[in-house]
Structure formats: C-alpha cells, structure tokens
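Colleague: Give me the fold of what follows.
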Amino acid sequence: MKKKRKIILVAVGILLLICLYLGYKAFNLFYYNVDRITTQDYDAFMSQFNIKGTITIKHQNIESNDYLEYQNIKIKNDFKDFEKLEQTTGETSLKLVLKDENQKTKSSFWMGETDTYVALLKTDKTLFGTDNKKVTNTDITSILEENKINNDIELFKYLSHQKEVKNNIFTSTKKMKENYNIQFIVSIIMPQMDSITLINGDYQGYIFNLKNNMKEASILKNGKRYVFMFLDTTYFTDEKINDLLNTVVID
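Modeller: A predicted model of the protein is given here:
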C-alpha cells in the first residue's frame, strides 16, 4: 500500500511539474508575441520582406555643371523644373517638388544622408522602450553579431528568412525573446513596402518599393545610408530612376 502511495505521489509530482512547465512556456509564448503590443499584424508586415530582383549601377560621367549637389552627394540635374522646399531646423535632406499649373505638387525628389538600419538598431535607445518591457541595444547587438549581420542588406536577407519563424511551446525561452526582440524593433523602424530591390555594381545598396507610388533608393557608403526618395512613380519610372542612380557621386 505504501509503495502504491509513493508511486501515486511521484506521478502527481511529475504531472504537476509538467503542468507548471507548460504553463510557464505558455506564458512566455504570450509574453513574447509581438502582435500583442503592435497596431499591425506582424505576419502581414513581414510579408513585405520579399527581395525581388537586382539592378546594377554603372557610373556615367557627366559635365560638372550638369550635377545637382547637396553636401557630399551629386546626381544628374534632371530637376530644373522643380522647386526647392525651404529647409527646417535640423533638416538633413534636400527636398524638391514639381508643381502643376494650379500649384499642386505632382512629384517630389529628396536626397540626403542618414544612419543605416543596422547602426540605428545598435545605437538608438529611444526606440526600445515599451510599457511592460524594454529591449536593450545589447540584446539587438547580440542577435546581429550571432547572425553575422554587418550591414542593411544582410539584415534584410536575414529578415526574409525570419518571416517564416514562429514561436511555439517547444521554442526555448531564450529563442522566444530573441525572436520577439528583432521582430518588435524592426516593426518600429521599417517602413511599409511591397518589396525590396537590391543594388550592386559600382555601388551597393537597395530600393524600397514603397506603398503609394513611391520608391526609396539607399546607397551604402562610408558607414552611412545615402537616400534618394522618388515620390510618384508615374513620373519617376524605373528607367528614369536607374538612369539617375547611374550618375550618383558620393565623396
């Protein structure tokens, strides 16, 4: 009888431990679910990380007086009909607009310099606070280093594979936290887009094919991201954008 009672107690103890473990994992599965604290569905957001195609930049020299210049950036000046917007305090980009006869903006072009997304993930502490948890720069840097992510292109390739990764009851708590950290931060800093086009050749970079007929080309150089924003792809066709990018000079 005593032996039978011991067996029952051991079985109950094991069952209790299993229930506690499953409860703990279920709590973490809920806690590290990025959909719980964002305003958009994460699966829908991640579906945009489709790397579709590559364009090759082959630099074309033009006459020095045919360039549009801003800081250390030059590009072919196909913007003689555009107006320059007045820069506000702290403005880091040149903004040009093309208006119709009613003075309504038809198209716009911006260019400037900013941090890469990898640099932003490592250094910008203002992005990482939430009401109930905090993702630290150390957390993100550790993930980037573990996955050998040194630039934005490597980050996007990593994310294109990560979009299929799902936390489940068998995922370790450490891995749940890692998945949550990268998902949460990226959902904050990345824009809405349809796909990504890579740039190679004389420059390395990428193009965000954004919503609402916009494209944002980024060239990576000097540890920075040189951004060329094309608003209205009816005016800025793919052919025109490629032609302009072939004239870019970054000192």
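Colleague: Ile75 belongs to a helix, doesn't it?
Modeller: No - counting by DSSP: H, G, I helix; E, B strand; the rest coil, Ile75 is not part of a helix but strand.
Colleague: beta partners of it?
Modeller: In this entry, Ile75 is beta-bridged to Leu68, by DSSP bridges.
Colleague: if I read this right, it contacts Thr247, doesn't it?
Modeller: Yes - at 5.7 Å, Ile75 counts as touching Thr247 under the criterion of C-beta atoms under 8 Å. Any C-beta I mention is one placed from the backbone N, CA and C, and that applies to glycine too.
Colleague: shared neighbours of those two, which are they?
Modeller: Tyr67 (C-beta atoms under 8 Å, 6 or more residues apart in numbering).
Colleague: Comparing those two, which shows the higher neighbour count?
Modeller: Ile75 (24 against 19; other C-beta atoms under 10 Å).
Colleague: quick one: contacts of stretch 85-97?
Modeller: With contact meaning C-beta under 8 Å, 6+ apart, stretch 85-97 is reached by 68, 70, 79, 82-84, 105, 107-114, 227, 229.
Colleague: Pull out the buried positions in that stretch.
Modeller: Under the neighbour-count criterion of 16 or more other C-beta atoms under 10 Å, stretch 85-97 has Ser93, Leu94, Lys95, Leu96, Val97 buried.
Colleague: For the residue positioned nearest the centre of the chain, give its distance to Asp100.
Modeller: With distances taken as C-alpha atoms, centre = their mean, Met190 lies nearest the centre of the chain, 3.7 Å away. Distance from Met190 to Asp100, counting by C-beta to C-beta, to the nearest Å: 32 Å.
Colleague: likewise Gln87?
Modeller: As judged by C-beta to C-beta, Gln87 and Asp100 stand 23 Å apart.
Colleague: Let me see the mean pLDDT of stretch 183-198.
Modeller: Averaged across stretch 183-198, the pLDDT comes to 82.
Colleague: Quote the end-to-end distance of that stretch.
Modeller: 22 Å (C-alpha to C-alpha, to the nearest Å).
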